[in-house]
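# sharing a model prediction with you, sequence too.
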Amino acid sequence: MTAPKGTFDILPPDSARFLAVRDTLTARLRRAGYGYIEAPAFENTEVFSRGVGESTDVVSKEMYTFTDRGGRSLTLRPELTAGLMRAFIEHRLYDGALPVKIWSVGSAFRYERPQAGRYRHFTQVDCEALGVDDPALDAEVVALGVQGFRDLGLTDFELLLTSLGDATCRPQYRELLVGYLTKLDLDEETRRRAEINPLRVLDDKRPEVQAQLDDAPLMVDHLSDSTKAHYDAVRQHLTDLGVTWTEAPRLVRGLDYYTKTTFEFVHHGLGAQSAIGGGGRYDGLSAALGGPDLSGIGYAVGVDRTLLAVQAEGLDIGTASAVQAFVVPLGAEAKRLAVRLVGQLREDGVAADTVYGDRGLKGAMKAADRSGATHVVIVGDRDLAEGVAQLKDMRTGEQTTVPIGDLFPTVRAAVGP
Ligand code: AMP
């Protein structure tokens with residue numbers, strides 16, 4: 001049997017890198033005072049059809065939707081934001097102090113055509129700041145994303161930034177763009193897309209479409225005074241926070257509810273699937289899900305793609321040995337001592353291990369070596385008769401004889417904190 005198409009297992013030792021990437025990306029958020037929400041991996045389907053938008057590819061083509069045994073239509077979450085927003089509304093988190101800052105991490109599911117960096121099951125880190133429309137908050141959220149990547153040691157990534165305007169200027173701009181697009185030579189499907197969401201045509205990657213878009217009107221040139229001031233303030237705060245970006249006036253995001261600040265993180269070592277994260281302000285989302293008319297800003301970062309980026313830059317992450325001390329018993333009496341010593345060490349927070357099964361000295365030493373432990377305790381029955389054991393420092397090869405009574409404190413001290 002094999003894993004379903006578009007999914008994969010992450011096995012040791014690679015899985016240690018996966019965990020390191022996931023935990024590094026979220027450590028920033030925890031330190032910045034964001035609260036964790038554990039939400040279900042599936043929701044009532046309408047959470048996504050209303051919260052992501054019927055016209056998006058994600059909702060119209062990529063959802064894992066099924067009817068459960070009780071006849072309800074449920075969907076495996078294709079992204080985390082809509083479910084977090086549902087929780088925010090259901091539990092009236094907006095009744096407390098605003099903004100409400102939350103984060104989450106977990107599985108997302110999309111029925112996509114699998115390729116390198118694009119899977120049907122993947123993991124996202126999500127960060128959201130809800131209930132206050134303040135450009136400084138936009139800058140905080142964007143900077144937290146950037147910092148997460150920097151914490152991993154990544155350098156070959158870029159922040160793409162733009163403003164998508166809002167209700168005060170987008171409708172007029174949309175009309176202008178539709179007028180421009182109807183004059184172009186576009187195929188039937190693109191024409192239909194232009195009617196539903198003309199902005200998304202700007203993001204079309206095909207050269208024959210791009211060639212016709214050189215003179216297309218851009219949202220950033222048609223921002224109202226208020227959204228322009230908002231965008232200017234976001235950029236000012238980002239500069240103050242030491243964040244650099246590239247203006248990306250054609251950047252469009254998959255969600256229907258994005259307004260004002262919109263951004264994407266791309267990595268240059270990944271080929272076609274270069275987006276490692278993205279987000280923006282979604283001032284209409286809460287209301288669209290039946291909540292109060294509150295604003296929000298957030299991002300989603302793909303852990304799997306960030307791991308690929310870490311590998312592309314050759315960064316040494318999460319590869320530190322898990323085991324610090326390894327105990328090799330030779331003989332039945334020694335075995336009891338080994339099991340006891342490993343138990344004691346573990347209880348005291350030391351990553352310790354021993355051999356299981358009858359391995360002999362050679363096999364046991366090989367296992368000790370493979371474990372990556374810096375310290376190996378070897379207990380033979382003859383040693384035991386003399387009341388001692390051998391402690392070997394694997395980095396220097398130095399071996400010392402330690403009285404059994406001193407074994408635990410000696411090993412404890414040798415492996416360090
Ligand atoms: P999106 O919600 O589409 O903006 O996705 C946010 C981030 O999740 C992207 O920048 C990717 O890093 C990641 N991502 C989205 N879709 C996939 C996928 N099918 N496979 C792997 N990662 C994905």
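Received it, and whenever you're ready, just let me know what you need. Residues are numbered from 1 along each chain as shown.
# every contact and neighbour count from this point should use C-alpha atoms.
Fine.
# pLDDT weak spots in this structure?
Applying pLDDT under 70 to the chain picks out residues 254-256, 319-321.
# how about the residues of it by the ligand?
Residues of the chain lying close to the ligand by CA under 6 Å from any ligand atom are 79, 110, 117-120, 122, 124, 275-278, 300-302, 305.
# how about the helices in the stretch 201-350 of the chain?
207-210, 225-240, 285-288, 303-312, 332-347 (DSSP state H, counting those that start in this stretch).
# so how far is the third one off the chain centroid?
Its chain's C-alpha centre lies 24 Å from the corresponding centre of helix 285-288 when counted by CA atoms, centre = their mean, to the nearest Å.
# residues touching residue 169, list them.
Applying CA atoms under 8 Å, 6 or more residues apart in numbering, one finds that residue 169 lies in contact with 222, 223, 224.
# go again with 6 Å.
Residue 169 makes contacts with 223, 224, as judged by CA atoms under 6 Å, 6 or more residues apart in numbering.
# same check, this time on residue 318
With CA under 6 Å, 6+ apart, residue 318 has these contacts: 16, 17, 20.
# look up the closest residue to it, ignoring the ones flanking it.
The shortest distance from residue 318 to any non-neighbouring residue, by CA to CA, 6 or more residues apart in numbering, is to residue 17 (4.5 Å).
# how many other residues sit next to that neighbour?
Residue 17 is flanked by 21 other residues according to other CA atoms under 10 Å.
# any idea how far it is from residue 47?
33 Å (CA to CA, to the nearest Å).
# next one: residue 89
12 Å.
# equivalent analysis for residue 366, please.
54 Å.
# and those two? which has more neighbours close in?
Between residue 366 and residue 47, counting by other CA under 10 Å, residue 47 is the more crowded of the two (21 against 11).
# domain parsing for this protein?
Taking automatic domain parsing as the reference, the chain has its domains at 14-169+223-312, 325-415.
# thinking again about what came up before, quick one, the host helix or strand of the residue nearest to residue 318 and helix 303-312 angle?
Residue 17 is part of helix 14-31, with elements assigned from DSSP states H and E. Here the directions of helix 14-31 and helix 303-312 differ by 110 degrees (axes from the mean of the first three to the mean of the last three CA atoms, to 10 degrees).
# what does helix 14-31 contact?
Contacts for helix 14-31 (CA under 6 Å, 6+ apart): 148, 317, 318.
# what do you get if the cut-off is 7 Å, keeping everything else the same?
Here helix 14-31 makes contact (CA atoms under 7 Å, 6 or more residues apart in numbering) with 144, 148, 149, 151, 152, 303, 307, 317, 318, 319.
# work out the gap between it and the centre of the chain.
That offset, for helix 14-31, works out to 8 Å (CA atoms, centre = their mean).
# same question for stretch 22-38.
Counting by CA atoms, centre = their mean, stretch 22-38 comes out at 11 Å from the chain centroid.
# now do stretch 144-164
13 Å.
# other residues contacting it?
Contacts of stretch 144-164 (CA under 7 Å, 6+ apart): 24-25, 28, 219-220, 231, 245-249, 251, 259-268, 310.
# same thing but at 6 Å, please
25, 245-249, 259-268.
# select only the buried ones of the residues you listed in PyMOL?
This is the PyMOL syntax for the buried subset of these, where burial follows 16 or more other CA atoms under 10 Å:
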select buried, resi 25+245+248+249+259+260+261+262+263+264+265+266+267+268
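# of the contacts of stretch 144-164, which belong to strands?
246, 247, 259, 260, 261, 262, 263, 264, 265, 266, 267 (DSSP state E).
# was I right to think the last one contacts residue 278?
No. At 11.7 Å, residue 267 and residue 278 do not qualify as touching, with contact defined as CA atoms under 6 Å.
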